[in-house]
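S.K.: Mind folding the following:
(one chain, ligands or ions: 1)
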Amino acid sequence: MTTDLQEKRSEYYQQLTEANLAPLWTSLHTLVPPHPRPRIVPTIWKYKELRPYVMHAGELITAKEAVRRVLILENPGLPAGSASITSTLYAGLQLILPGEIAPSHRHTQSALRFVMEGHGAWTAVNGEKTTMSPGDFIITPSWNWHDHGNPSLENGGEPVIWLDGLDIPLIQMLDAGFAEDNVQDEQELFKQEGFSYASFGYNMIPVRHEVKDPTSPIFSYPYERSREALYQLLRQEAIDEWDGVKLKYINPTTGGSAMPTMATFMQLLPAGFKGRTYRSSDSTVYTVVEGKGKVKIGDSVFEFEPKDIFVAPSWQPVQLEADEETVLFSYSDRPVLSQLGLLREKRD
Ligand code: 1HN
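M.R.: Sure, this is the predicted structure:
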């Protein structure tokens, strides 16, 4: 290209910028890549490194002042302050100390909690409380009031930490965020604990129940039951060469994922498992419930142990290995991709 033409072009591009225009031909291949090129990178957060930061927050700010005392896991592939673990998903670790209340509010973002440590804290959703234990998967549907609390020290309260998973970046991209604070710190309870589970948790549903909500009416999926299902299947050797034994949590009224924007899974890898390599166009956040092993994601290899958190970007090859019998919990943006006809998987 002659320098004359070069100069003319660059002058022209400058004019375009000033007119709020841009040439497609300089960015076509970035805009329409041959396969996903996520900005996020494979990353692991070791719980033993995270925990002291989380506990330190407990000395510096109360749950009430913070509203939610959470440390956000930010993907290093994105600019600091992005509050995103993937381009669509958020992850954070929340601490609630004995005697504290995280005040009631609601928002259009859907939330999941996966309990990492401690017993006895509760979360209230839509007029019902549920008590949290490690390994429990709990949801806060979009636009439902929710508050969390922990019994006082005298009543046996202990620090409780859980992983929060939300669809914040996705909702931000859609400019669909609404939020409201409740007038009371603790919402009015009008159902007894266990009501939702009794109504929907036993492969039965109230006879005239009409499905109006895409989110599961069960808001707590206790670990004991999920684990039992996985172990029963393991004993029957229902082992997939890529996933081990993997189950998806469902909304029992639709058979779909528990939430419309995020799918959640629990899987069991037998000791000595060396999984085959898979890739998928959903981005997935994993946490280790039990066991030890190794995961290869793209060019990164991470050793994992209980409560570590790692993230697999879209379309990067993932391979799981377990030194000990391992249980993993994971969540991804799979239902969104699936609904839009964008879900692709490749199992090598
Ligand atoms: C939220 O409401 C919770 O309810 C946790 O525990 C994390 C992050 C951003 C916005 C709202 C919770 C959140 C959040």
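S.K.: Gln187 should be in a helix, yeah?
M.R.: No: using DSSP: H, G, I helix; E, B strand; the rest coil, the assignment for Gln187 is coil, not a helix.
S.K.: How about residues contacting stretch 190-210?
M.R.: Stretch 190-210 is touched from outside by 126-131, 216-220, 252-253, with contacts defined as CB atoms under 8 Å, 6 or more residues apart in numbering. Backbone N, C-alpha and C define where each C-beta goes, glycine included.
S.K.: and if we set it to 7 Å?
M.R.: For stretch 190-210, contacts defined as CB atoms under 7 Å, 6 or more residues apart in numbering pick out Gly127, Glu128, Lys129, Thr130, Thr131, Pro217, Ile218, Phe219, Ser220, Pro252, Thr253.
S.K.: try stretch 265-280
M.R.: 226, 230-231, 234, 239, 241-248, 293, 315-330, 345-348.
S.K.: which residues sit in contact with Ala121?
M.R.: Ile96, Met132, His148, Gly149, Asn150, Val160.
S.K.: meant to ask about Leu50, not that
M.R.: Counted by CB under 7 Å, 6+ apart, Leu50 has contacts Leu93.
S.K.: Point me to the residue of the stretch 201-348 of the chain nearest the ligand.
M.R.: Phe219 (12.5 Å; CB to the nearest ligand atom).
S.K.: Can you pull the phi/psi pair for that residue?
M.R.: phi -110, psi 0 (degrees, to the nearest 10).
S.K.: Residue numbers of the stretch 101-250 of the chain in contact with the ligand?
M.R.: Ala102, His107, Ala111, Thr140, His146, His148, Asp164, Leu166, Ile168 (CB under 6 Å from any ligand atom).
S.K.: got CSV for the residues you listed, with pLDDT too?
M.R.: As requested, those are exported to CSV (pLDDT from 0 to 100):
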residue, pLDDT
Ala102, 96
His107, 98
Ala111, 98
Thr140, 97
His146, 97
His148, 97
Asp164, 98
Leu166, 98
Ile168, 98
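S.K.: Filter the residues you listed down to the ones in strands?
M.R.: Ala102, His107, Ala111, Thr140, His146, His148, Asp164, Leu166 (DSSP state E).
S.K.: need the contact list for the residue nearest the centre of the chain.
M.R.: Centroid-nearest residue in the chain, with CA atoms, centre = their mean: Gly165, separated by 3.3 Å. By CB under 7 Å, 6+ apart, Gly165 lies in contact with Leu89, Tyr90, Ala91, Leu112, Met262, Val285, Tyr331.
S.K.: circling back to that earlier point, farthest pair in the contacts of stretch 190-210?
M.R.: Distance extremes for these: the farthest pair is Thr131 and Thr253 at 23.7 Å, using CB to CB.
S.K.: For these two, work out which one has more neighbours and name it.
M.R.: Each of Thr131 and Thr253 has its neighbours counted (other CB atoms under 10 Å); Thr253 has more, 19 against 16.
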